[in-house]
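Participant: Sequence first, then the predicted structure:
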Amino acid sequence: MTASDSDSPDRFRFLGTFLAGRPLNVTEAPAGQAAYTDGRFVFVAAGGSFSEQRREVVLQSALLGAGSLDHRLLGALRRRPKLARRYLALEGRRVLAELAARMPLAAALNPTGEPDTSTADESLELARSRASVADPPEWFGVIRPSVMLGTPATQPGARPSDSDRRLKFELTEVPEALDDSDEEPGAESKILKLFENPLYNSKTVADFLYKLFGMSRSPGDAAAGGELPTRSMRRVDRVGANARPLPVPLHFTSSGTPGSAVGVGGALYPEWDVHNNRYRPEWCRVIDFPLVSAADVSAADVQHDEVLRRRLSRLGLGPKLMRRRPDGDDLDIEALIDLFVDLQAGYSPPEQIYVERRKLARNLGVLILLDASGSAGETDPHGLSVHNHQRRAAATLAVTLEQLGDRVAVYGFRSQGRAAVHLLALKPFAQRFGAGGRARLNQLQPAGYTRLGAGIRHAGEILKTEAGAPNRLLLVLSDGFPYDDGYESRYAEADARKALEELRSDGVACLCLSIGASTSTDALHRVFGSASHANAPMLADLSPRMDDLFLTALRELAAPNRRSLR
Amino acid sequence: MLTSAHKPIRSATEAPFYRPVTNEMEVFRAAARRGLPVLLKGPTGCGKTRFVEAMAHELGRSLITVAGHEDLTSADLVGRFLLTGGETTWVDGPLTRAVREGAICYLDEVVEARQDTTVVIHPLADHRRELPLDRLGVILKAAPGFQLVISYNPGYQSVLKNIKESTRQRFVAIELDFQPADIEAEVIAHEAGVDLKTAQALVKVGGAIRKLEGAPLQEVASTRILILAGALVAEGLSLRSAVQSAVVQVLSDDPDVVRALGELVDAILPRP
């Protein structure tokens, strides 16, 4: 779905959505198959011309919109291709004729004058009868009842409605245990337990069983009432677009030392499979651990960038009260008194006597994710590798942000297949960026590949739990293609884009900088979007607009939610 | 000098053109008689501002409009001290001026302002009808005829920016939505100066875009942009190119979305 395939049938998706009255995507069917729809997609014949594909979309989505493909009607067509074909011929003509009144394009399409029927039921009736029905033209495609019936009309994981978004707490009263009661809580009834069905249970049945077997007191730590737990689970074949698997945390125990105590963490992350349009749950094993190689402290030198510091210091995210300003909301009484004293004494200072609220307070947590993969190893004419450039940029950024009082972490990241995505903690949030950390960063050697999506997901998780600041930014320093074993071009791009989407919906801003990269960075541009990606030969080239870059990335979160169809 | 063969869209003295859909004018009149504050809800470009203008004109009151933005402080509304010469002088803000003069004060997109700003309107919006000016140490009684109107766009708000419940419950709410097709066509024909047939075609385009469920558009086609498209048609552009420039290109920057919208619009507009 990139800008390059401009004649993809995807361009008809709004037309289809409009006609069908529900979200609809358009894509090409496998070669040699006629057009059909499954209720979520319209599949058009592959290789058709523009107008051919358009009329197929119009017809199939109009059938959906007119209710001709309701489950009630489709049931009758199941496993009866001949009947389905006759029905399609009649129904197709009917919906097109109906549509022609509303839409000029449909009028131009309508093949043969007046339709024979006026309702879908009538069409079905006539299709069942022995009356002769002209064959539908080729572009009417086919109806596939079994495919349609397999698609539920509404799915869990669909776009949240307003009531879902509203935050609300339901308090269940937990009765306090009575201290003066010397009675042992009655044991849970084993018989009743037999009837506790975790999958589905109705209250009526529970009540009946209680009547039958007698009540028991609820145990002290349960909610009052001693009811059978009532819950239900709905099984679905497909989940909607907004549902996503959660990461599964890994627990490390090596010779009795829990991993978290030495700063090792990790989780199994899902990965987005663009070819099948679904997540692969628990697909990538991501581990973060502190890099503890011995470091030569003499190599801890970090370049300072004054422009960068000045720019980033302007970054204001919250209001802050400022005194003695030349303009503002209120008079600063103290300054005013000083001014008058000065004036009486014969000295006229500048009239800075107002109190102003300006957006200057910063509450920012930044995680710098440094691409430490082998692809960053190539060198530029000055003999500095891309990796060197990026490493220096990471060090400069981290030092600058730390000086400005923001929370910073630096992680290097590389991968070796989906089972080994590593995040090397060079500076965790909780530590100072001391000489040891800087030296380790400077001596970081590139190796491995780039599984960007998994890296982003885990970095986001670290940001969310450890940054401790309301404004959170993930800053990715990378040079080009996300690439790993089984993680290439379109698949990789789609997964990385999905990971960013997840992060943004969780309130983490994302920004990507490519520094010193000679190769094309189009892929990153597509993944991060034009607003959140910048490249330059040196960090110093980006410094003058770093505040803009940070702010645009953070502001993207405040923008209204995009109602995503993809 | 600019001379145009077409008649001006609206002259200054003429009453603002507003076509009521349901009982919104009666509700507003009743609220105005009692001096009750009014909350207008509705999507962008559906005629909230025009409605207030029309009502202010009808009631013969002056209208003071303040556009909400995130740096709007309470001093911007109420007023502030300025230093002139050797003295400090008080300068009324727009809200104070409306309270003194008995005008209608219209706070557009009020939730954009910070929440501590919006609370200054609380004492004005209930039975007290007064504005405490703590910097002056006076409590200003609202002059008869003063009315507070705020507007807000429910679909446009993020979680952080919502109207406070305590603010909201002081208001009489009037919900405006895009008008029904026939009224909207009439409005477009009048405002843009096009014939009814063109206006109806534009309304059809607008209706189709509004109905797109799950589309990645941040905003739908408002009456305002349909009027813009109509104005282009009135200036001699073809219907297709007018809609392309005023509607399709405006609604999205994503080339995919623009292309898909273009296809939809192309199918709906009359064949050339």
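Facilitator: Received it, and whenever you're ready, just let me know what you need.
Participant: can you give me the strands for the stretch 101-250 of chain B?
Facilitator: For the stretch 101-250 of chain B, the strands defined by DSSP state E, counting those that start in this stretch occupy B:104-108, B:130-133, B:138-141, B:147-152, B:172-175.
Participant: Quick check: chain neighbours aside, which residue is closest to B:Leu39?
Facilitator: Once flanking residues are discounted, B:Leu39 sits nearest to B:Phe171: 3.6 Å by C-beta to C-beta, 6 or more residues apart in numbering or on different chains. All C-beta atoms are positioned from the backbone trio N, CA, C, and that covers glycine.
Participant: other SSEs contacting the longest strand along chain A?
Facilitator: The single longest strand within chain A, with elements called by DSSP state E, is strand A:278-290. On a contact count with 3 or more C-beta pairs under 8 Å, 6 or more residues apart in numbering or on different chains; DSSP states H and E, strand A:278-290 meets strand A:265-273, strand A:421-427, helix A:452-466.
Participant: and of the strands of the stretch 101-250 of chain B, who's closest to A:Arg54?
Facilitator: strand B:172-175 (37.8 Å; C-beta to C-beta).
Participant: Enumerate every residue touching the nearest residue to B:Thr117 once chain neighbours are set aside.
Facilitator: Nearest in space to B:Thr117, with sequence neighbours left out and distances taken as C-beta to C-beta, 6+ apart, is B:Ser74 at 5.0 Å. By C-beta atoms under 8 Å, 6 or more residues apart in numbering or on different chains, B:Ser74 lies in contact with A:Asp329, B:Asp116, B:Thr117, B:Val120.
Participant: measure the second one to A:His389 for me?
Facilitator: From B:Asp116 across to A:His389, the span is 45 Å (C-beta to C-beta, to the nearest Å).
Participant: between these two, which one's more packed in?
Facilitator: Comparing B:Asp116 with A:His389 by other C-beta atoms under 10 Å in any protein chain shown, the one with more neighbours is A:His389, at 24 against 11.
Participant: Would you confirm that the more buried one contacts A:Asn535?
Facilitator: No. If you go by C-beta atoms under 8 Å, A:His389 and A:Asn535 don't touch, sitting 11.0 Å apart.
Participant: Common neighbours of these two, please.
Facilitator: Listed contacts common to A:His389 and A:Asn535 are A:Ile515; contacts here mean C-beta under 8 Å, 6+ apart.
Participant: State the mean pLDDT of stretch A:477-486.
Facilitator: For stretch A:477-486, the mean per-residue pLDDT is 78.
Participant: Counting neighbours, show which residues of that stretch come out buried.
Facilitator: Within stretch A:477-486, the residues that count as buried by 16 or more other C-beta atoms under 10 Å in any protein chain shown are A:Leu477, A:Ser478, A:Asp479, A:Gly480, A:Phe481, A:Pro482, A:Tyr483, A:Asp484.
Participant: about what we covered before: as JSON lines, the strands of the stretch 101-250 of chain B with mean pLDDT and mean neighbour count would be great.
Facilitator: Shown next, in JSON lines, are the strands of the stretch 101-250 of chain B (pLDDT from 0 to 100; neighbours: other C-beta atoms under 10 Å in any protein chain shown):
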{"stretch": "strand B:104-108", "mean pLDDT": "93", "mean neighbour count": "24"}
{"stretch": "strand B:130-133", "mean pLDDT": "91", "mean neighbour count": "18"}
{"stretch": "strand B:138-141", "mean pLDDT": "92", "mean neighbour count": "14"}
{"stretch": "strand B:147-152", "mean pLDDT": "91", "mean neighbour count": "26"}
{"stretch": "strand B:172-175", "mean pLDDT": "92", "mean neighbour count": "15"}
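Participant: Might you report the residue contacts of A:Ala419?
Facilitator: A:Cys284, A:Arg285.
Participant: helix, strand or coil for it?
Facilitator: Following DSSP: H, G, I helix; E, B strand; the rest coil, we place A:Ala419 in the coil state.
Participant: Could you check the pLDDT of it?
Facilitator: pLDDT, A:Ala419: 85.
Participant: I'd like the distance from it to chain B, if you could.
Facilitator: 35 Å (C-beta to the nearest C-beta, to the nearest Å).
Participant: try A:Ala534
Facilitator: Applying C-beta to the nearest C-beta to A:Ala534 and chain B gives a distance of 18 Å.
Participant: which residues sit in contact with whatever residue of the stretch 201-350 of chain A ends up closest to chain B?
Facilitator: Ranked by C-beta to the nearest C-beta, the top residue of the stretch 201-350 of chain A for proximity to chain B is A:Asp329, at 3.4 Å. Contact partners of A:Asp329, counting by C-beta under 8 Å, 6+ apart, are A:Tyr354, A:Val355, A:Glu356, A:Arg357, B:Thr73, B:Ser74, B:Ala75, B:Asp76, B:Arg80.
Participant: Point out the least confident one among those.
Facilitator: Within the set of the contacts of A:Asp329, pLDDT is lowest for A:Arg357 (78).
Participant: Quickly find the element holding the nearest residue to it once chain neighbours are set aside.
Facilitator: Spatial nearest neighbour of A:Arg357, chain neighbours left out: A:Pro319 (4.7 Å); criterion: C-beta to C-beta, 6+ apart. Element membership for A:Pro319, per DSSP states H and E: strand A:318-325.
Participant: for that strand, packing partners?
Facilitator: So strand A:318-325, by 3+ C-beta pairs under 8 Å, 6+ apart, packs with helix A:333-344, strand A:354-361.
Participant: What residues sit buried inside the longest one?
Facilitator: By neighbour count on 16+ other C-beta under 10 Å, the buried set for helix A:333-344 is A:Ala335, A:Leu336, A:Leu339.
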